[in-house]
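J.: Compute the structure for the input listed below.
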Amino acid sequence: MNNHLILSMALLLGTSTSAFAQSAMSPNAPPPPPPAVAATQPAQAAADMQAVLDAHASLAPKPIETLTPAKARLQPSPADAAKKVMREKGMSTAPDPAVTTKDVAYGADPMQFARIYTPAATVGAGAPLPVVVYYHGGGWVIADVNTYDATPRLLSKQLNAIVVSVEYRHAPEFKFPAQHEDAAAAYRWVLANAASWGGNPAKVALAGESAGGNLAVATAIYARDNGLTKPLHVLSVYPIANSDMQLPSRMDSANAKPLNTPMLKWFGNYYSKTPADMADPRLNLVAADLRNLPPTTIINAQIDPLRSDGETLATAMKKAGDSVDQKTFPGVTHEFFGLGKVVRGAYDAELYAIAKLKKALLN
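T.: Numbers count the residues shown, from 1 in each chain. Have a look, this model is predicted:
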């Protein structure tokens, strides 16, 4: 275990390793004191990205790092802001009817279910479709499959694939590693059941955003270590991957929106039990055994405290001998992926990701 990393995380969280208590397992547990952050200004967002940020601000969200999880879960999201921009442009915000959905349980807990996206034109027809297992973001504390509807719906339509968006138990009610255990269980379940939905269990990819980007890579490692069908590709969008709080993006995007560096402390306070969790290779992916993983695409945003996570993860994976494509998109922020209808940088990132998945799944 990296004792220096544990100590640094304990200091970040404002406690000692001997007295580390983290939050109670209640969504009403009070937040930790926000850390001191230098008054640096993040890079300027592109005009269309700024329009979404302005729309988000107009919805009057309270700073997540000052709230309990229960209250944070009620705050307007960037997805809500994007819909506001779309309405102002006269665009429809209704779900694309070219894709149908159904929710199916994969475990006993009410949060252990998956939303299965299927291209409507393929229901009951022909050859089995490729499958993408997708994990949503939210720091393992907030958000759900409803918040992160845009990406799985887009992937299903553009790839002509079944996309399984996995819901998992949230912290602090269920702390680490519950979310990783659910991600692995859902992957096993998909392999066992994909054929019954018209999917091909031999043609499976993993994808995720933010905390879900971490889960996608961690689940690929789990599949390798447990002899499961290896995913053909991993798409990891601005993943949580490096527990070093001195990374460049932690500093230059400390005051970015919609994700800032103090929020990382807030999430860690609620999902971890001890400082040692921060050094666990399932969270600190750069320290994991990364050998023999599937070809991986990592997408990052320039204005994001997690930018360096993806960049350092790509370096670590390449060092381990993996095939990795990593790209940082300029002028955009965390949560930009899925906003392609209103943000050009998001549209470009989505095309980039879809091309990589098509190459892996449709050849």
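J.: Restricting to C-alpha, output stretch 161-181 in PDB.
T.: Extracted in PDB, the C-alpha atoms of stretch 161-181 (Å, rounded to 0.1, in the frame of the first residue of the first chain):
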ATOM      1  CA  ALA A 161     -26.300  -2.100 -30.800                       C
ATOM      2  CA  ILE A 162     -27.900  -3.000 -27.600                       C
ATOM      3  CA  VAL A 163     -26.600  -0.800 -24.800                       C
ATOM      4  CA  VAL A 164     -27.100  -1.900 -21.300                       C
ATOM      5  CA  SER A 165     -26.900   1.100 -18.900                       C
ATOM      6  CA  VAL A 166     -26.100  -0.200 -15.500                       C
ATOM      7  CA  GLU A 167     -27.600   1.300 -12.300                       C
ATOM      8  CA  TYR A 168     -25.700   0.400  -9.200                       C
ATOM      9  CA  ARG A 169     -26.000   1.000  -5.400                       C
ATOM     10  CA  HIS A 170     -24.900   4.500  -4.400                       C
ATOM     11  CA  ALA A 171     -22.700   5.800  -1.600                       C
ATOM     12  CA  PRO A 172     -22.900   6.600   1.200                       C
ATOM     13  CA  GLU A 173     -25.700   4.100   1.700                       C
ATOM     14  CA  PHE A 174     -23.300   1.500   0.100                       C
ATOM     15  CA  LYS A 175     -19.600   2.500   0.200                       C
ATOM     16  CA  PHE A 176     -16.700   1.300  -1.900                       C
ATOM     17  CA  PRO A 177     -16.300  -1.300  -3.200                       C
ATOM     18  CA  ALA A 178     -20.100  -1.900  -3.600                       C
ATOM     19  CA  GLN A 179     -20.200   0.000  -6.900                       C
ATOM     20  CA  HIS A 180     -17.300  -2.000  -8.400                       C
ATOM     21  CA  GLU A 181     -18.900  -5.200  -7.200                       C
END
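J.: Give the rounded mean pLDDT of that stretch.
T.: Stretch 161-181 carries an average pLDDT of 98.
J.: Same check on stretch 185-200?
T.: Stretch 185-200 shows a mean pLDDT of 97.
J.: list the buried ones in that stretch?
T.: 185-191, 193-194, 197-200 (16 or more other Cβ atoms under 10 Å). Just so you know, the C-beta spots here come from the backbone N, C-alpha and C atoms, and that holds for glycine as well.
J.: Quick one: those residues as TSV, columns for distance to K257 too.
T.: Compiled in TSV, the buried residues of stretch 185-200 are given as follows (distance: Cβ to Cβ, whole Å):
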residue	distance to K257
A185	34
A186	31
Y187	33
R188	37
W189	36
V190	34
L191	38
N193	39
A194	38
W197	38
G198	41
G199	38
N200	40
